[in-house]
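S.K.: would you be able to build a 3D model of this:
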Amino acid sequence: MKQSIFSIESNEQIAKNVYRMKLKGDTEEIKVPGKFIDIKIEGFFLRRPISVCDADKDTVTIIYKVVGKGTEALSRMKEGKLDILSGLGNGYDLTVSGAKPLLIGGGAGVPPLYMLARKLIGQGKKAEVIIGFNKKEEIFYENEFKALGAEVTVTTADGSYGKKGYVTDAMQGKEYSYIYTCGPEPMLKAVYNASKTSGQYSFEERMGCGFGACMGCSCKTKYGNKRICKDGPVLFKEEIIWEK
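M.R.: Reported below is the predicted structural model:
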């Protein structure tokens, strides 16, 4: 974890209530896909944890959805500087994916899969991506994944674009060596039940501190309690315990 000041390079709307922000600063701690940053927003006590979409030697890109007053305030920022804790979470392990990994994201869980896809394809893997949304106006990053060389399937719950249904409907009949996924817990559980291989599941959770001190995001696993912000947000399929 590292605390530093980042400057806002750009902040634009890319879908309904969805924004992409590019920040310039010290990205030394953001080497693995699946990590997140914690942003201090003036006027709000708690920082806002947001997953990393992509990063290079001095910039980080985040994609976030406006869901409350904090993210609404963030969406209005077009310039300035932000106090950020970076390199949080454990991120995805890329060494166990096999030759044909399947990446599955739902809504706000889509962004961290972009850097993951870029890294896997850079390793020569044949990555396939399924991204799910409620409706057409919420879709983002279909073309960006395709530009990386990934095969992409888009699902919408209302059938307004792509394949009608959920990400699990698009999983049917596909051959893959491993699963990486991120999204709301009901989606993760559905993917878990539908999957034919091992995989890594990135959980969305409300957080207080973001670095493991407050214990507010603890969950039970087969190997004991883990903190989603520090020991996660990525858990391996074999350790997950679903609450009834």
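S.K.: hmm, what's the outermost residue in the protein?
M.R.: G43 (25.9 Å; Cα atoms, centre = their mean).
S.K.: state the pLDDT value of the nearest residue to that one once chain neighbours are set aside.
M.R.: Spatial nearest neighbour of G43, excluding adjacent residues (Cβ to Cβ, 6 or more residues apart in numbering): A73 at 6.9 Å. The C-beta positions use only the backbone N, C-alpha and C, and glycine is treated the same way. Here, the pLDDT recorded for A73 equals 97.
S.K.: please report how far the residue nearest the centre of the chain lies from G91.
M.R.: The structure's the chain has its C-alpha centroid closest to P112; by Cα atoms, centre = their mean the separation is 3.3 Å. Distance of P112 to G91, given as Cβ to Cβ, to the nearest Å: 9 Å.
S.K.: and for the two, which residues touch both?
M.R.: Listed as contacting both P112 and G91 by Cβ atoms under 8 Å, 6 or more residues apart in numbering are 33-35.
S.K.: could I get these as CSV with distance to V234 and secondary structure?
M.R.: Converted to CSV, the shared contacts of P112 and G91 look like this (distance: Cβ to Cβ, whole Å; DSSP: H, G, I helix; E, B strand; the rest coil):
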residue, distance to V234, secondary structure
P33, 10, coil
G34, 5, coil
K35, 9, coil
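S.K.: show me the domain layout of the chain.
M.R.: Here the domain parsing of the chain from automatic domain parsing is 2-88, 94-239.
S.K.: least confident of those domains, on average?
M.R.: Across the domains of the chain, domain 94-239 has the smallest mean pLDDT, namely a mean of 92.
S.K.: returning to what we had before: host element of the closest residue to the residue nearest to the centre of the chain other than its chain neighbours?
M.R.: Spatial nearest neighbour of P112, excluding adjacent residues (Cβ to Cβ, 6+ apart): S51 at 4.4 Å. Taking DSSP states H and E as the criterion, S51 maps to strand 48-55.
S.K.: cool, I37 as well?
M.R.: According to DSSP H and E, I37 maps onto strand 36-40.
S.K.: that older thread, ok, the residue nearest to the centre of the chain to Y92 distance?
M.R.: P112 is 8 Å from Y92, by Cβ to Cβ.
S.K.: now do A15
M.R.: Going from A15 to Y92 by Cβ to Cβ gives 24 Å.
S.K.: partners of I130 in the sheet?
M.R.: I104, T153 (DSSP bridges).
S.K.: so it is in contact with G109, correct?
M.R.: No - I130 is beyond contact range of G109, at 11.3 Å (criterion: Cβ atoms under 8 Å).
S.K.: the more surrounded of the two?
M.R.: Taking other Cβ atoms under 10 Å, I130 and G109 do not tie; I130 has more neighbours (28 against 23).
S.K.: the helices in the chain, which residues?
M.R.: In the chain, the helices defined using DSSP state H lie at 69-75, 112-122, 142-148, 167-171, 185-194.
S.K.: for those, which one ends up most surrounded?
M.R.: By mean neighbour count, with neighbours taken as mean count of other Cβ atoms under 10 Å, helix 112-122 ranks first of the helices of the chain at a mean of 23.
S.K.: wait, the residue farthest from the centre of the chain touches E72, no?
M.R.: No - at 11.3 Å, G43 does not count as touching E72 under the criterion of Cβ under 8 Å.
S.K.: alright, calling it a day.
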